[in-house]
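Chemist: A predicted structure for the sequence below; I have some questions about it.
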Amino acid sequence: MIGLPAFLPDLTNYHDCIDTIEGAVRQFSGAELEGLNREYRQAGAPVFTNEKYKKTAHGQVMASLPLFTVRPLSKDTPPVPFAEFTNGPNQCLQGLRVIELCRVIAGPTIGRSLAAHGASVLKITSSQLPDVPFFQLDVNTGKHTTSLNLKDAADVEIFESLLETADVIIDGYRPGVIARLGYRPEDLAAKAAQRGRGIVYVSENCFGGSEKGAEWACRPGWQQIADCVTGVAWEQGHFMGLNEPVVPPFPMSDYGTGCVGTIAALSGIYRRATEGGSWICRTSLSQYDLFLLSLGMYPADVQDQLRREHDAQFFEVRHNDSVDEVGQRALASIRYLHPTLFEDHILQSAYSEGYGGVVTWPKEPLEVEGIKIGHVRPTRPNGYDKPSWEDWERDESLLDA
């Protein structure tokens with residue numbers, strides 16, 4: 001797209017990589033790069049300040065949306081009460097079946113969180129599409145994972161059988177991707193009406209605004225794209241004393257959006273339980289970023305204190321540094337300043353058959369009197385399990401870890 005070969009095996013030095021890519025990018029104007037993004041269906045985007053973003057057509061539409069929305073798809077099915085279990089630990093979403101059609105972090109975090117409340121979450125990915133193996137160690141905790149190609153007739157038949165008893169669908173793809181495969185939210189609600197039991201459809205994506213026809217709603221993207229478009233990256237750069245944007249460390253917007261999507265999903269599940277019908281819940285990385293910016297910056301004295309306390313090496317990163325480099329330096333500083341965040345008492349471990357070793361992850365930070373919150377199975381890689389709702393293993397001792 002920008003004149004570089006697909007593979008440069010001899011290019012192994014980090015700074016040489018930056019110079020090579022940046023040199024190629026600089027041959028084009030912003031408008032030319034936007035045209036190439038459209039032509040090649042790539043996820044690049046301009047880096048705006050928040051003020052400039054709010055003046056775009058897309059930004060103006062997004063200003064009219066709250067952090068998340070929950071709206072009825074149909075009202076023609078009766079309430080579906082929460083299940084009551086007299087034996088074993090009580091988890092509030094026990095008995096609910098969730099199909100997760102997501103990759104990377106934000107969408108799978110919604111599924112991970114619902115699993116922590118007892119839902120049976122089946123993550124469905126395709127071997128035809130890439131994902132990041134490292135992220136799966138965390139976001140697949142508590143789930144079953146399977147692989148289906150929804151363009152293959154035999155796999156579609158299996159998927160349809162799984163849909164018959166699903167309560168929640170999590171869609172982490174661009175608006176329209178799952179619909180083009182024949183699964184519009186409205187169509188799924190119509191099928192749910194035929195069985196007499198509504199569904200909750202949860203949509204999470206990068207740009208948001210699909211319900212309003214926003215200009216960039218169907219563009220591809222991920223956290224760093226949203227951070228750059230909405231103005232978060234410029235605020236990170238300003239905090240570091242720079243007149244340039246810097247991508248924030250860690251997948252904060254990813255996990256934050258996952259938490260917001262969980263709240264939206266729980267709201268939809270509650271409304272199905274109390275009002276009946278089918279519900280659609282929407283949020284996006286951009287909506288989370290706009291919410292974050294609306295909270296304002298830390299006071300100047302707090303920012304000065306943070307700059308003094310943290311490792312000076314972190315403040316050496318620039319606009320062209322990768323999120324891995326930024327995150328690595330931030331993590332080293334946080335480990336030094338706040339070692340209690342990494343102490344054993346806030347972690348738990350279990351043997352993962354899928355990974356063939358012991359996996360350690362943070363305990364759930366939430367406590368609610370009368371119910372258990374946590375996972376009953378350790379993580380596994382994508383595509384590990386059979387595409388079935390039957391015979392799922394449970395280790396309830398993990399809830400007491």
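Modeler: That came through fine.
Chemist: So Pro79 versus Ala189, what's the distance?
Modeler: Using Cβ to Cβ, to the nearest Å, we find Pro79 at a distance of 15 Å from Ala189. The C-beta positions use only the backbone N, C-alpha and C, and glycine is treated the same way.
Chemist: Which one of these two is surrounded by more residues?
Modeler: Each of Pro79 and Ala189 has its neighbours counted (other Cβ atoms under 10 Å); Ala189 has more, 23 against 13.
Chemist: And what about the more buried one, helix, strand or coil?
Modeler: helix (DSSP: H, G, I helix; E, B strand; the rest coil).
Chemist: pLDDT value on it, please?
Modeler: With respect to pLDDT, Ala189 scores 96.
Chemist: Over to the one 5 residues further on?
Modeler: The predicted local confidence for Gln194 comes out at a pLDDT of 95.
Chemist: That one looks like it's in a strand, true?
Modeler: No - applying three-state DSSP, one finds Gln194 to be helix, outside a strand.
Chemist: and it, how many neighbours?
Modeler: Counted with other Cβ under 10 Å, Gln194 comes out at 9.
Chemist: swap in Leu93?
Modeler: Burial of Leu93 is recorded as 24 neighbouring residues (other Cβ under 10 Å).
Chemist: do Thr262 as well
Modeler: Thr262: 23 neighbours (other Cβ under 10 Å).
Chemist: which stretches of the protein form strands?
Modeler: With DSSP state E applied, the chain shows strands at 69-74, 97-101, 120-125, 144-147, 168-171, 200-205, 278-284, 347-352, 357-362, listed in chain order.
Chemist: residues making contact with the fourth one?
Modeler: Spelled out, it's strand 144-147. When contacts are defined by Cβ atoms under 8 Å, 6 or more residues apart in numbering, strand 144-147 is touched by residues 120-127, 136, 354, 377, 380-387, 392.
Chemist: what do you get if the cut-off is 7 Å, keeping everything else the same?
Modeler: Residues from elsewhere that reach strand 144-147 (Cβ atoms under 7 Å, 6 or more residues apart in numbering): 122-127, 380-387, 392.
Chemist: and what of the third one?
Modeler: Here strand 120-125 makes contact (Cβ under 7 Å, 6+ apart) with 96-101, 103, 108, 111, 114-115, 131, 140, 142-148, 162, 382-383, 389, 392.
Chemist: which among these end up buried?
Modeler: Taking 16 or more other Cβ atoms under 10 Å as the criterion, what is buried in those is 96-101, 103, 108, 111, 114-115, 131, 140, 142-148, 162, 382-383, 389.
Chemist: Could you list the low-pLDDT ranges of the chain?
Modeler: 86 (pLDDT under 70).
Chemist: Closest to the centroid, which residue in it?
Modeler: Note on the chain: the residue nearest the mean C-alpha position is Ala106, at 0.6 Å, using Cα atoms, centre = their mean.
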